[in-house]
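Student: Have a look at this fold, sequence not included:
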């Protein structure tokens, strides 16, 4: 089953085309890395999937539902997606548990859940990122890696159809990045959740993803498994990018 289907999707800002028309389908349970240098269009693509940007043309279907097409735009809060940003984006005045529970209490589908269920889902998400015992802590007393786990738990608590990760490890030091890579890999293996990672880091993409889409100037330069990109680069650009990144 396809979790995400993009058909002739493109994006321009004025006369500048930042994403050329692309067609792409992601099977359920994929871990896909959108890899490329700054300005290649990977973050724009992720933001369109999230509903934070509207396509200039083409369509997006998530779980069989059209969320973007000519005359159609489903707002981000109604797409049932989880998103983790480069900045931790945790609320300093709320505890860890309150941060994670927040979208369950104030999100688009909050009224459909009883308070006890919201609490259970929040605690399950906290356990999934190994933060048990930190529920009442203020985020300011946590390390950068722990704060990013809070952001990850908050995204997981809503049981999203897809988890979108926008350079989530780039603000962490090398040791924490390695630790979080292991945890993201473990989380994907445990949950089978479809994940899409934006990164400029080749190592991060190849370690985590089972499919890597390398973008250049808003176009797909190569789409394949990490091994396919390593052993059979589709162009000189791919070869040079993998050599130097």
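Tutor: Thanks, I have it. Everything numeric here is computed off the predicted structure, so don't read it as measured data. Residues are numbered from 1 along each chain as shown.
Student: C-alpha only now, for contacts and for neighbours.
Tutor: Noted.
Student: who's the most centrally placed residue in the chain bridged to?
Tutor: Closest to where the C-alpha atoms of the chain average out (CA atoms, centre = their mean) is residue 164, at 1.6 Å. Counting by DSSP bridges, residue 164 is bridged to residue 83, residue 196.
Student: Show me which residues of stretch 171-179 are buried.
Tutor: 172, 176, 177 (16 or more other CA atoms under 10 Å).
Student: tell me which of those residues is nearest to residue 34?
Tutor: Using CA to CA, residue 177 comes nearest to residue 34 of these, at 17.7 Å.
Student: need the contact list for that closest one.
Tutor: Residue 177 is in contact with 169, 170, counting by CA atoms under 8 Å, 6 or more residues apart in numbering.
Student: Please tell me the pLDDT value assigned to residue 245.
Tutor: The score at residue 245 is 64. That number is its pLDDT.
Student: same question, residue 140
Tutor: pLDDT at residue 140 comes out at 88.
Student: Check the one 5 residues further on too.
Tutor: On pLDDT, residue 145 comes in at 88.
Student: Same question for residue 192.
Tutor: pLDDT at residue 192 comes out at 93.
Student: tally of neighbours for it?
Tutor: 13 (other CA atoms under 10 Å).
Student: Tell me how far residue 234 lies from residue 218.
Tutor: Look at residue 234 and residue 218: by CA to CA, to the nearest Å, they are 16 Å apart.
Student: do residue 166 as well
Tutor: From residue 166 across to residue 218, the span is 17 Å (CA to CA).
Student: Now the helix or strand containing residue 46: average pLDDT?
Tutor: Assigned by DSSP states H and E, residue 46 falls within helix 42-50. What helix 42-50 shows for mean pLDDT is 97.
Student: cool, stretch 125-134 as well?
Tutor: Stretch 125-134 comes out at a mean pLDDT of 94.
Student: Which residues does that stretch contact?
Tutor: By CA under 8 Å, 6+ apart, stretch 125-134 touches 96-97, 100, 123, 135, 146, 149-150, 152-154, 156-157, 183, 187.
Student: From those, keep the buried residues only.
Tutor: Buried members of the contacts of stretch 125-134, counted by 16+ other CA under 10 Å: 96-97, 100, 123, 135, 146, 149-150, 152-154, 156-157, 183.
Student: doesn't residue 39 make contact with residue 200?
Tutor: No - between residue 200 and residue 39 there is no contact, the gap being 10.4 Å when judged by CA atoms under 8 Å.
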